[in-house]
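K.L.:
Generate a structure from the sequence data that follows.
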Amino acid sequence: MNKFRVERLYEERGLKDYKLRTLEDLFYIHDIKLNQVDGYNRLTKDEKRFFSRFVINYFNSYELARRNIFIIKVGKANNYLRVESIYNGEWRIENYEFGFENKSDLIGCI
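P.N.:
Just a heads-up that it's a prediction; the model follows:
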């Protein structure tokens, strides 16, 4: 998708800073539904919330023109979420630590 079309989609959602806020933004702009990612339905409620927050932060960490990211699969390995994705044509497999000191750490999660 070209940069101008992506900018227009963000602006239509009222996201003038081009930062995703919700899973609805993610779907509307990038056509990604996390519940359709392989392995998502096997996650616990807390893991789903963590993964949702992670994905939005992950997209926002890239400049607008470089958000060509496809989340393929998510799984669990001990205290990690294993995320497989394709970024600009490159297959990536990364582990992200999943752990909270207490449930208040989940405040602000989607």
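K.L.:
who does Arg82 bridge with?
P.N.:
Gly75, Asn95 (DSSP bridges).
K.L.:
Could you pull up the residues touching it?
P.N.:
Each residue near Arg82 by C-beta atoms under 8 Å, 6 or more residues apart in numbering is listed here: Lys73, Val74, Gly75, Lys76, Ile93, Glu94, Asn95. C-betas here are computed from N, CA, C, even on glycine.
K.L.:
7 Å instead?
P.N.:
When contacts are counted by C-beta atoms under 7 Å, 6 or more residues apart in numbering, Arg82 is found next to Val74, Gly75, Ile93, Asn95.
K.L.:
Once you drop chain neighbours, what's closest to the first one?
P.N.:
In other words, Val74. Gly39 (4.5 Å; C-beta to C-beta, 6 or more residues apart in numbering).
K.L.:
Check that neighbour and give its pLDDT.
P.N.:
Looking at Gly39, its pLDDT reads 96.
K.L.:
so it makes contact with Lys73?
P.N.:
Yes: here Gly39 reaches Lys73: they are 5.2 Å apart, a contact under C-beta atoms under 7 Å.
K.L.:
quick revisit: can you pull the contacts of the residue nearest to Val74?
P.N.:
Lys73, Val74, Gly75.
K.L.:
Can you tell me which of those has the most neighbours?
P.N.:
Counting neighbours by other C-beta atoms under 10 Å, Val74 comes out on top of the contacts of Gly39 with 24 neighbours.
K.L.:
wouldn't that one be in contact with Asn35 here?
P.N.:
No: shown here, Val74 and Asn35 do not form a contact pair, counting by C-beta under 7 Å, at 10.9 Å.
K.L.:
pLDDT weak spots in the protein?
P.N.:
When residues are selected by pLDDT under 70, those of the chain lie in 1, 98-110.
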